[in-house]
Structures are given as C-alpha cells and as structure tokens.
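> Sequence and predicted structure below; questions after.
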There are 2 protein chains.
Amino acid sequence: MKLGLGTGHLLCYLFFMQDMFMEAAIAEARMGLAAGGIPIGSVLVFEGKIIGRGHNQRVQQGSVIHHAEMNCLENAGRQKAAVYRECTLYSTLSPCPMCSGAALLYGITKIVVGENISFQGPEDYVRSQGVNLEVRQDERCIAMMQDFIKTNPDLWNEDIGTE
Amino acid sequence: MKLGLGTGHLLCYLFFMQDMFMEAAIAEARMGLAAGGIPIGSVLVFEGKIIGRGHNQRVQQGSVIHHAEMNCLENAGRQKAAVYRECTLYSTLSPCPMCSGAALLYGITKIVVGENISFQGPEDYVRSQGVNLEVRQDERCIAMMQDFIKTNPDLWNEDIGTE
C-alpha cells in the first residue's frame, strides 16, 4: 500500500507469502522423510516471519508427542500469549486432537492445513473454539502422505493411535 | 476374588490401588516443585502397573509441550493402541486442551483427575468423546496448586497460555 499498489497486488503478495509458509512446512516434512520419519511438517508464523519449524519425530526420537505441530511449537520456545494470539500455524496435514489441543491451549487464532484427505483432525471442534482453520488440499501434501501411508501403514496407524 | 474375598474387600482393594496411583502422580508433582518447576504430576497405568511417570517441564527443560501428562506419555514410550485403550491416565490437575487431546488421540478411556478447582480443561468435551473422566478434588492437589499459583502467577499464566 505504501508503494501505491492496488488491492489486487496486495492480495497477490499475501497469497505468495502464505504459499511460502506452506512451502516451508513441506520442506520440513521432506526433511523428516529423508531421515526415515513420517513426512509431516509445520511452521509457526508471527508478523510475517517464521518463528518455529518442526516435523514429526516418532521414528527419529522415538517420540509419541513430537508430532510436527508439537515439534514446531517446542522449537519456537516459550512465547507470550500476546504472540501466540497473532500467530498462524501451518501444517502439511490436518492437526490431530493433540496438536489441535495445543493450538487451542495457546490461543493460536489461525491454522492453515495442507490437506485433510489422508487424515482429518477435529476441525469442527477447533473452529467452534473460534479458530480460523483453512484447508488447502495441496496436491504435494496429499501425494506425500498417500505414498507414505501406502508403504508404511503400521507406522502411520501407530502415529494416529489406531494400531 | 481368588482368595474368596467379598465384593466389599475387592472394592477396598481397588480404591487403595487407585489412591496409590494418585499418590505417585503427587510424588511426581512434588519432584517438579523441588526442581523449581510447576507442581503438576501424572502417571499412566496399564493392567494395574505404572508404565509412565512425568511432571511439567516448562522451567526445567524450557518446554512448552511437556505438560505433566505429555511428559508422562513420552516417558511411557511408543505403545500399541491396544495398550492405550486399557490405560488410565492420572493427573494431579484437570488436563488442559493439549493434554486432553493427547489422551483422545491415543484412545485412553479413563482419566483420573486430582482437582479441577485451580484449572479446568475441556472435561465435557473429553467426556463427550467417550472418556470416563473422574475428578477427586484431592485436598493435597488443591493446596499444592493454590500455593504455587499465589507465589508464581506469571509462570502459571504462561503455562495455561494466558500471559
């Protein structure tokens, strides 16, 4: 706006930024996959900057709590409520009940989800608590999860608590 | 029953066992307090045995995800869904949205809570998902939290995402 850009330009810029953050979450997921882990990634964004990045650590750390979003929040460190309230949490996959609960605990008001075809968390409940939750159905996220689930069904089912 | 005990004896025994598990959760909370941390403790019980113990690690590890129940689940390690389904999660304080969500993710069917006077998580939602959630209002748990909150309001508010 300062540069005299119109609303169209501003919307394009905002969309580009959002896409950049999903790209960063996908990069995290791919990093996890390359390390033999479950390919789910997440970033936490505050005032247009990434303040935390993470990916699922079930295989790498033998962790049952370091889902991508949890790992991302942990890596972001201790933040004030005023910061969390202005954050957007990006995740390549629809957040499970634990990760959704973490977002609710910290009062994160916006969640951008790569896809919810492979797995769907309690999105309606999260929205009912005042969170703006947006699902992208990003083809890259869908393909990454579908491939992984096909070749690692046991690991995947363990991660979502069904095996 | 094998010993020919009546129903009264059996109920006494079960109550004693349950109390023993809450004692263990309180011991965890006190261990956290002694280390300069937030005094909330938790144990995970499977077939009458404790398979995980934990306490809040915000101060000790600078963690935003290691609430007592999360730390307990992490310490219990990777378990099968069939195990989680038969587990009871004990916590000295009503589980927050994150910890409640973790219990829901893993299909834990019973939660025993020390108290919900100092803080109350989404208990109705947890019950609506089929969990048997029981609140003890244990005087030791209440006193421990009330004392802590009085002397450490900032830390406490950070832990529940309000500061």
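Thanks, I have the structure now.
> ok and the residue in chain A nearest chain B?
Scanning chain A for the residue nearest chain B gives residue A:101, at 2.7 Å (criterion: CB to the nearest CB). In this view, the C-beta of every residue, glycine as well, is placed from N, C-alpha and C.
> Beyond the worst-scoring helix or strand of chain A on mean pLDDT, next helix or strand please.
Scoring the helices and strands of chain A by mean pLDDT, DSSP states H and E places helix A:7-34 at the bottom, with a mean of 87. Where DSSP states H and E defines the elements, the next helix or strand beyond helix A:7-34 is strand A:41-46.
> the inter-axis angle of the next helix or strand after that following strand versus helix A:7-34?
Remark: after strand A:41-46, the chain's next helix or strand is strand A:49-55, criterion DSSP H and E. Per axes from the mean of the first three to the mean of the last three CA atoms, to 10 degrees, the angle that strand A:49-55 makes with helix A:7-34 is 30 degrees.
> Using CSV, write out every CA atom in strand A:49-55.
Extracted in CSV, the C-alpha atoms of strand A:49-55 (Å, rounded to 0.1, in the frame of the first residue of the first chain):
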residue,chain,number,x,y,z
LYS,A,49,8.2,-14.3,9.9
ILE,A,50,8.7,-18.0,10.8
ILE,A,51,9.5,-18.3,14.5
GLY,A,52,9.3,-22.1,14.7
ARG,A,53,9.8,-25.0,12.4
GLY,A,54,9.3,-28.7,13.1
HIS,A,55,8.5,-32.2,11.8
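> and whichever helix or strand comes after it with strand A:49-55, angle?
Next along the chain after strand A:49-55, taking DSSP H and E as the criterion, comes helix A:68-76. Interaxial angle, helix A:68-76 versus strand A:49-55 (the same axes, to 10 degrees): 130 degrees.
> contact partners of the following helix or strand past helix A:68-76?
The element immediately downstream of helix A:68-76 (helix or strand, assigned by DSSP H and E) is helix A:81-84. Residues outside helix A:81-84 that contact it (CB atoms under 8 Å, 6 or more residues apart in numbering or on different chains) are A:46, A:51, A:106, A:107, A:108, B:157, B:158, B:161, B:162, B:163.
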